[in-house]
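Engineer: All I have is the shape, not the residue letters:
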């Protein structure tokens, strides 16, 4: 089952500005999350906001609106603090630099998902292993079966957090610059520099003489490896 | 003058974990910030952390440790809230997916800078214009001279925030996986999938028949456009 309920804006996720950019469409949210590799986790530690890059994975069949999984060391301050508060998880794709005729109208083409909620610490051993597999398979589909599963000691060192995708917003910008009418004849170039993330050829570790497996090759090609 | 004083760890920026990854080197911080295009701004709004992607620029000659400039609409909640609190600005480069023989040792090669501080609202008109130029030139060097400067009305709509680079940390990981001794003979591939951001060919806006200027071409080639 794929969750297709509409996004439910709350005060935090209803965008006050640029509402035309708020795509109230859960499918767009899922696409942004599926395509992203890393998120930035915002958590309050000692009274101050802390923003840390980290891996994530999603299971759209878990819970009423789908679940985002995070993991970290059981000793990490951010991981300890997160389940006691509302956290913010942001996934951003930078798609292009938008150069307008005026400095003011310069912009960025992007897709960004923001999720708020209080994460649940995953204590059930099956879900914990599932969450970790979701994260590793998110980065490289098929990788959980292409590596040794975590053992009991490793599981004990790792916390897995589950965050519902219920309270989320997604914001996108695409296309060219919005120049002012009176600027259209100015002698300044206007256009877009497209951006994307690519993978280069996978590099074997020195002590590994195995061929690069299909799931790794597929991941690299999904990322649009340059020719 | 380029600032070369060492990073001064505080409780927030001294890393409790993986200290070997904390490169206490201001030059590394500057490289990460110079090479980055966007940051994730963490700010507390209504009691909760909010993480938003945004553009930034740096002036290493401004203030004792250099200054990071942010901008936004004067009406944006995050921009209004920021000068009344400690904010967190994080710039991340994802350099590669690190695939270990065990799921547990999977990792990411990255470079990440985290800056804490209370930003100053820039009120001086000259510095405000300077800050905006720094941001646009950070994204595309030379662009502030290749576009119409902001007029009074545009400046009035825009807030510029200045954040000192004093309280900062930088964390990096590079290289291959750290497999456990007992996993070395497992039949799983281990290696790195290198990642990078590239620019594709700049795209003129429909109503612009000017040639792509040198500063735009240079920006695209700096990003390592794929051949």
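Structural biologist: Received the coordinates, thanks. What you see is a predicted model, and the numbers here were worked out from it, not measured in a lab.

Engineer: Tell me where chain A has helices.
Structural biologist: A:26-35, A:77-81, A:125-139, A:152-157, A:214-222 (DSSP state H).

Engineer: Now do the buried residues in stretch A:133-151.
Structural biologist: A:133-140, A:143-144, A:146-148, A:150 (16 or more other CB atoms under 10 Å in any protein chain shown). For every residue, glycine as well, the C-beta is placed using N, CA and C.

Engineer: just those residues now: which is nearest residue A:27?
Structural biologist: Comparing the buried residues of stretch A:133-151 against residue A:27 with CB to CB places residue A:138 closest, at 17.8 Å.

Engineer: can you list the domains in chain A?
Structural biologist: Under the assignment automatic domain parsing, the domains of chain A span A:19-195, A:197-227.

Engineer: Pipe the helices of chain A into JSON lines and attach distance to chain B per row.
Structural biologist: Shown next, in JSON lines, are these (distance: least, CB to the nearest CB, whole Å):
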{"stretch": "helix A:26-35", "distance to chain B": "12"}
{"stretch": "helix A:77-81", "distance to chain B": "7"}
{"stretch": "helix A:125-139", "distance to chain B": "5"}
{"stretch": "helix A:152-157", "distance to chain B": "4"}
{"stretch": "helix A:214-222", "distance to chain B": "6"}
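
Engineer: Same list (those) but as CSV, adding mean pLDDT and distance to residue A:42.
Structural biologist: CSV is the format used below for the helices of chain A (pLDDT from 0 to 100; distance: least, CB to CB, whole Å):
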stretch, mean pLDDT, distance to residue A:42
helix A:26-35, 94, 16
helix A:77-81, 94, 9
helix A:125-139, 98, 19
helix A:152-157, 96, 24
helix A:214-222, 89, 28
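
Engineer: any chance of the ones you listed in JSON lines, plus distance to residue A:172?
Structural biologist: Shown next, in JSON lines, are the helices of chain A (distance: least, CB to CB, whole Å):
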{"stretch": "helix A:26-35", "distance to residue A:172": "7"}
{"stretch": "helix A:77-81", "distance to residue A:172": "28"}
{"stretch": "helix A:125-139", "distance to residue A:172": "21"}
{"stretch": "helix A:152-157", "distance to residue A:172": "37"}
{"stretch": "helix A:214-222", "distance to residue A:172": "21"}
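
Engineer: of these, which approaches residue A:51 most closely?
Structural biologist: helix A:77-81 (9.6 Å).

Engineer: which residue ranges form the strands in chain A?
Structural biologist: Taking DSSP state E as the test, the strands found in chain A are A:38-45, A:48-55, A:57-59, A:67-73, A:87-99, A:107-117, A:120-121, A:158-164, A:167-173, A:191-199, A:203-204.

Engineer: got a pLDDT number for the residue positioned nearest the centre of chain A?
Structural biologist: By CA atoms, centre = their mean, chain A has its centre lying nearest to residue A:91, at 3.4 Å. Looking at residue A:91, its pLDDT reads 98.

Engineer: Now for the nearest residue to it once chain neighbours are set aside, how many residues are close by?
Structural biologist: Leaving out its chain neighbours, the residue that sits closest to residue A:91 by CB to CB, 6 or more residues apart in numbering or on different chains is residue A:36, at 4.0 Å. Around residue A:36 there are 19 other residues, counting by other CB atoms under 10 Å in any protein chain shown.

Engineer: Compute the distance between the residue lying farthest from the centre of chain A and residue B:207, please.
Structural biologist: Here chain A reaches farthest from its C-alpha mean at residue A:185, the gap being 39.8 Å by CA atoms, centre = their mean. Plainly put, residue A:185 is 10 Å away from residue B:207 if you go by CB to CB, to the nearest Å.
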